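Novice: Give me the fold of what follows.
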Amino acid sequence: MHRLALCVWLAATTALTSAAFAFDNGQYDHVPPDIRAWFKSVMAPNGVPCCDISDGHRTDYDVRGGTYWVPIEGQWMEVPERAIIRDRGNPVGQAVVWYVHHRGAIIISCFVPADAV
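Specialist: Numbering: from 1, shown residues only. A predicted model of the protein is given here:
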């Protein structure tokens, strides 16, 4: 039961923190409407929105032992299974990762592989 409460708290905190740090000052005006709509519609498997285009980072990735790894701020990080989205397609042609800083740690909230269908 404690683990479930921790997961719910982490998901809610991640969603709130993501929304708080998202900032679009016009740098995404050139993004086509369909791509913008996709970014706004992507949800984590637990139902929490990944947020917006300003939160998602196009990224390289690697597969190690069946697990996705992405470089974030100079370090390779394992993508947790709870963050992998495989059913929303990927119109940008590159992997996209959403993450937040929380209490000195980087938390990956969502990840869409380049070949998601």
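Novice: Can you classify Val97 as helix, strand or coil?
Specialist: strand (DSSP: H, G, I helix; E, B strand; the rest coil).
Novice: What residues does it make contact with?
Specialist: For Val97, the contact set (Cβ atoms under 8 Å, 6 or more residues apart in numbering) comprises Gly56, His57, Thr59, Tyr61, Val70, Ile72, Val79, Ile108, Cys110, Phe111, Val112. Every residue, glycine included, has its C-beta placed from N, CA and C.
Novice: Quick one: low-confidence residue ranges for the protein.
Specialist: Within the chain, the stretches with pLDDT under 70 are 1-29, 52-54, 117.
Novice: of all the contacts of Val97, which two lie farthest apart?
Specialist: Using Cβ to Cβ, the pair of the contacts of Val97 lying farthest apart is Ile72 and Val112, separated by 14.9 Å.
Novice: Compare the two and say which is more crowded by neighbours.
Specialist: A count of neighbours by other Cβ atoms under 10 Å puts Val112 above the other of Ile72 and Val112, at 27 against 15.
Novice: Who does the more buried one form a beta bridge with?
Specialist: In this entry, Val112 is beta-bridged to Val96, by DSSP bridges.
Novice: Return the distance of it relative to Arg64.
Specialist: 18 Å (Cβ to Cβ, to the nearest Å).
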